[in-house]
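Return a 3D structure for these sequence lines:
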Amino acid sequence: MSNITLGALAQELNAELQGDPGHVISGLGTLQNAQSHQLSFLANPRYRPMLASTQAGAVLMRPQDRGDYTGPALFLANPYVAFATLSHRFDRTPTLPTGIHASAVIAESAEIPASACIGALAVIGEGVVIGEGSVIEAGAVVHDRVRIGTNCRLRSRVVIYHDCILGDRVNIHAGTVIGGDGFGFANERGVWRKIAQIGRVVIGNDVDIGANTTIDRGALEDTEIHNGVIIDNQVQIAHNVVIGAHTAIAACCGISGSTRIGRHCILAGGVGIVGHIEICDGVQITGMTMITKSISEPGSYSSGTAFDSTDNWKKMAVRLRRIDELAQRVKALEKS
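Numbers count the residues shown, from 1 in each chain. Model prediction:
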C-alpha cells in the first residue's frame, strides 16, 4: 500500500486539482462508500448524484461532469483509465520471492532464470523455458517443451500442456488449463475414435486469463490467442480457435472449434458461438446470445428473449410455437 498526496497525484496524472494538494490518499473506494483517505472516480454520469454525499478524499472525473461540484476532485479526460492505473499503486497481491521452492519438481533440462519464482509443489517439465521475472505459483504444472515469456504469472494449479507458448506479461488465474485435448473424435459405426490433437496453444503478449478457463490445443494447426486479449473465468475455447488482438471475453462463454474472432471484439457473459465461422473486427455480442453464422459487419448483435414474469413468458412461448401456423394463414390470406 502506498500513500500519496493529491498534489503529487495531480502531477502524476497531469490532472487539474480542485482541493488541498497536501491531502493524503492511501486507498481507493466507490463513490458511495469511500472515506476521506480514499480516492474514487466518476466515469458514468448516472452516478453523478452520489457526488452530493460522497466522503471520498477526492474524485477522478471529467471536466464536463464538474457542474456545481465543489468538493475535492482531479479533472482529466479519462477517469476510468486513471483509476485503473492507480489501482496498481494500492494492489495488495503478495510479491513472491525469487528462487525455486525446495518442494518443486524441476526437470534437469528446464531453463529457469535466477529472477523467476517457482512455488511449492510446482512441476516443471523437460525442455521448458521460463522468461525473466516470471512467477509459477504453488501447485502449477508446466509440461514438457513449454515456453513462457518474461514477467508472466501462473497462479496456483494452472496447467500448461506440452509445447504451448506464452508471450510476455501473461497472467493466468488459478485452475485454468491451457492446451488440453480438443474435442476431436471420428465415429465408426457408432463407436467414437479419438483424434490425436497435435497442434498447440500460442498466447501472445499482455494476455489476462481468468480462473478455471480452458483453452484446447489445436487438432492440426494452433489455437491462437493474440496480444492484449482478456478472458474471464470459466470460458471454454475449443481447438483451432483464433482470437484477435484486444478482444474481451466475459465469463461462461463457449467458443466452438475452428472459429475465428476478430480484433477489438467484446463477448458478454454466456455467449455461445458455433464452430467454423468468422466474426469480423469490432463486433459486440450481448449476454447469452447464440451466434450461428459468420458476422461480416461491425456492430452490436443479440439473440434470445428478455426475461418476463413466468406467466407472461409461458404465454409468449405458446405464441412462438404458433408463428409458423400464423405465417401460413397470412400467406393464404394474401393469395386470396
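
where in the protein is pLDDT low?
Along the chain, segments meeting pLDDT under 70 span 1.

any idea where the helices of it begin and end?
Taking DSSP state H as the test, the helices found in the chain are 6-13, 79-87, 310-321, 323-335.

Give me the buried stretch members for the last one, please.
Think helix 323-335. When burial is assessed from 16 or more other Cβ atoms under 10 Å, helix 323-335 yields no buried residues. Heads up, the C-betas are built off the backbone N, CA and C, glycines and all.

For the residue nearest to W192 when sequence neighbours are not counted, name its beta-bridge partners.
With sequence-adjacent residues excluded and distances taken as Cβ to Cβ, 6 or more residues apart in numbering, W192 is closest to F185, at 4.3 Å. Listed by DSSP bridges, the beta-bridge partners for F185 are K194.

Wait, F185 touches I195, no?
Yes. F185 lies in contact with I195 (Cβ atoms under 8 Å); the separation is 6.2 Å.

Any chance of CSV for the helices of the chain, columns distance to I160?
What follows is the helices of the chain, written out as CSV (distance: least, Cβ to Cβ, whole Å):
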stretch, distance to I160
helix 6-13, 37
helix 79-87, 27
helix 310-321, 44
helix 323-335, 49
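
Just the CA trace of stretch 309-323, in CSV.
Output of stretch 309-323 as CSV, limited to C-alpha atoms (Å, rounded to 0.1, in the frame of the first residue of the first chain):
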residue,chain,number,x,y,z
SER,A,309,-42.9,-12.9,-15.3
THR,A,310,-43.2,-16.7,-15.6
ASP,A,311,-46.9,-16.4,-16.6
ASN,A,312,-46.2,-13.9,-19.4
TRP,A,313,-43.2,-15.9,-20.5
LYS,A,314,-45.3,-19.1,-20.8
LYS,A,315,-47.9,-17.3,-22.9
MET,A,316,-45.2,-16.0,-25.2
ALA,A,317,-43.7,-19.5,-25.6
VAL,A,318,-47.1,-20.8,-26.7
ARG,A,319,-47.5,-18.0,-29.2
LEU,A,320,-44.0,-18.5,-30.6
ARG,A,321,-44.9,-22.2,-31.3
ARG,A,322,-47.8,-20.9,-33.5
ILE,A,323,-45.7,-18.4,-35.5
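
Quickly list the domain ranges of the protein.
4-90, 99-301, 309-336 (automatic domain parsing).

how much space is there between the nearest residue to S87 once chain neighbours are set aside and S258?
Distances taken as Cβ to Cβ, 6+ apart put L28 closest to S87, at 6.4 Å, once the chain neighbours are dropped. Separation of L28 from S258 (Cβ to Cβ, to the nearest Å): 42 Å.

Then S309?
According to Cβ to Cβ, S309 and S258 sit 41 Å apart.

which of those two has more neighbours?
Taking neighbours as other Cβ atoms under 10 Å, S309 and S258 compare with S258 leading, 19 against 8.

hang on, isn't the more buried one packed against H276?
Yes. Contact criterion Cβ under 8 Å: S258 and H276 qualify, at 4.8 Å.

contacting residues for the residue nearest to W192?
Neighbouring residues of F185 by Cβ atoms under 8 Å, 6 or more residues apart in numbering: W192, R193, K194, I195.

can you check G304 too?
Per Cβ under 8 Å, 6+ apart, neighbours of G304: M288, T289, M290.

same thing but at 10 Å, please
By Cβ atoms under 10 Å, 6 or more residues apart in numbering, G304 lies in contact with G270, T286, G287, M288, T289, M290.

What's the local residue count around the closest residue to R145 other than its chain neighbours?
Distance criterion Cβ to Cβ, 6+ apart; nearest residue to R145, sequence neighbours excluded, is G127 at 4.3 Å. Number of residues near G127 (other Cβ under 10 Å) recorded here: 16.
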